[in-house]
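**Student:** Just need the structure, nothing else, for what follows:
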Amino acid sequence: MIDLSTTYLGLHLRNPLVCSSSPLCQDLDSLRRMEEAGAGAVVLHSLFEEQIEAESLDLSRYLDYGTEGYSESLSYFPDMADYNFGPDGYVEHLREAKSLLQIPVIASLNGRTLGGWIRYAKLLEEAGADALELNVYDLPTDPERTAEQIESELANLVAAVAREVKIPLAVKLSPFYTSIPSVAKRLQAAGARAVVLFNRFYQPDFDLERLEVVPSLWLSTADELRLRLHAVAILFGRIQLDLAITGGVHGATDVLKCMMAGASVAMMTSALLRHGVEHLANVLVGLRDWMTDHEYESITSMRGSMSFRRVANPSAYERGNYLKVLRSHALFPTG
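**Tutor:** Reported below is the predicted structural model:
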């Protein structure tokens, strides 16, 4: 019997497939179908502090500047005014999801101020969330703000939230920190239980006819997975955090690569938007078939087998492999 179970944020999951934060998760019927299709856990859509406080900065303009952090295509987006329920509606949705589902329900919070992060983290804990994902998306624009300041502010934020709530915290990061291993180590010391790699950066495009900066959102592709695999493979076994991969996970092969890099879970959104939530069942079949063919009995037995610490040639993850890659490219015709 193939054992697909895994542990994430101290929670026992029947398999490593997690439905990541998206508009799909604001519909109870979609959540029910995710569970029926085999999801190991779900992360609800984010509760945004900006929407809660109804400040003059509306979230549509916030999106244009790439300061928001979930992975969906514009064509799948609801109107941003309707995307979030506000705190009362979100709490009620969370409670209904918890009563409906047997799998873990992880809340997602996208704050703006320290007080907001803490206040709404406590609210989501009280509403019954099994864990909380801090959806941190900070796009630095001030040249006077140093990398050390940015990373210290992040660590201080996580420490402040961790002191106020008892449920486990995951921190969803962008790939643009100076040193991901160093940041992860600081987050571990601050009280985080997991890091989610990586938030997708939504670069605005230029409309040359109207001379305007316009939103540019798209679904992920499997090509985006390599950046995540590399980061997780370097972190595995070197920090005491659970590792989650989000972005570029589309099929069973992608999930297997995530596990071998060292991830505890693989998160999916774009594939579900393309193929429907029932796609989860197909991925699970593919996982079991591959593991049977290659004589793996469990997810645990393969986790980290291709990580930096376990591969025979760890230089594949380092600069020493750069010239080799360039030389191998020269072997292929370009015309």
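
**Student:** Least confident secondary structure element in this protein?
**Tutor:** helix 59-64 (a mean of 40; mean pLDDT, DSSP states H and E).

**Student:** Return the set of buried residues in stretch 181-190.
**Tutor:** The neighbour-count check on stretch 181-190 (16 or more other Cβ atoms under 10 Å) flags 183-188, 190 as buried. Backbone N, C-alpha and C define where each C-beta goes, glycine included.

**Student:** what about that stretch, average pLDDT?
**Tutor:** If you average the pLDDT over stretch 181-190, you get 98.

**Student:** swap in stretch 125-142?
**Tutor:** 91.

**Student:** so how far is the longest strand belonging to the chain from its chain's centroid?
**Tutor:** Secondary structure of the chain read by DSSP state E shows that its longest strand is strand 41-48. A distance of 11 Å separates the C-alpha centroid of strand 41-48 from that of its chain, computed with Cα atoms, centre = their mean, to the nearest Å.

**Student:** Check stretch 244-258 too.
**Tutor:** Distance, centroid of stretch 244-258 to centroid of chain: 11 Å (Cα atoms, centre = their mean).

**Student:** end to end, how far does it reach?
**Tutor:** With Cα to Cα, to the nearest Å as the measure, stretch 244-258 spans 8 Å from end to end.

**Student:** pLDDT averaged over that stretch - what is it?
**Tutor:** 97.

**Student:** May I see the buried residues of that stretch?
**Tutor:** Using 16+ other Cβ under 10 Å as the test for burial, stretch 244-258 gives 244-252, 254-258.

**Student:** go on, stretch 164-184?
**Tutor:** 165, 167-174, 177, 180, 183-184.

**Student:** Kindly report the same for stretch 142-157.
**Tutor:** Buried residues in stretch 142-157 (16+ other Cβ under 10 Å): 150-151, 154-155, 157.

**Student:** got CSV for those, with distance to residue 286 too?
**Tutor:** Output for the buried residues of stretch 142-157, formatted as CSV (distance: Cβ to Cβ, whole Å):
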residue, distance to residue 286
150, 39
151, 38
154, 36
155, 39
157, 38
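
**Student:** For the chain, which residues score under the pLDDT cut-off?
**Tutor:** 50-85, 202, 216-217, 312, 314-335 (pLDDT under 70).

**Student:** which stretches of it form helices?
**Tutor:** Using DSSP state H, the helices found in the chain span residues 28-37, 49-53, 59-64, 80-83, 86-100, 114-126, 147-164, 180-190, 225-235, 252-261, 270-275, 279-293, 299-302, 322-330.

**Student:** Ok, which of the ones you listed comes nearest residue 108?
**Tutor:** helix 114-126 (8.7 Å; Cβ to Cβ).

**Student:** now the angle between helix 147-164 and that closest one, please.
**Tutor:** Relative orientation of helix 114-126 versus helix 147-164 (axes from the mean of the first three to the mean of the last three Cα atoms, to 10 degrees): 40 degrees.

**Student:** What helices and strands are in contact with helix 114-126?
**Tutor:** helix 49-53, helix 86-100, strand 105-110, strand 131-135, helix 147-164 (3 or more Cβ pairs under 8 Å, 6 or more residues apart in numbering; DSSP states H and E).

**Student:** what comes up buried for it?
**Tutor:** 116-118, 120-125.

**Student:** Can you tell me which of those residues comes closest to residue 197?
**Tutor:** residue 117 (20.2 Å).

**Student:** Kindly reformat the buried residues of helix 114-126 as JSON lines containing distance to residue 29.
**Tutor:** Converted to JSON lines, the buried residues of helix 114-126 look like this (distance: Cβ to Cβ, whole Å):
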{"residue": "116", "distance to residue 29": "30"}
{"residue": "117", "distance to residue 29": "31"}
{"residue": "118", "distance to residue 29": "33"}
{"residue": "120", "distance to residue 29": "26"}
{"residue": "121", "distance to residue 29": "28"}
{"residue": "122", "distance to residue 29": "29"}
{"residue": "123", "distance to residue 29": "25"}
{"residue": "124", "distance to residue 29": "22"}
{"residue": "125", "distance to residue 29": "26"}
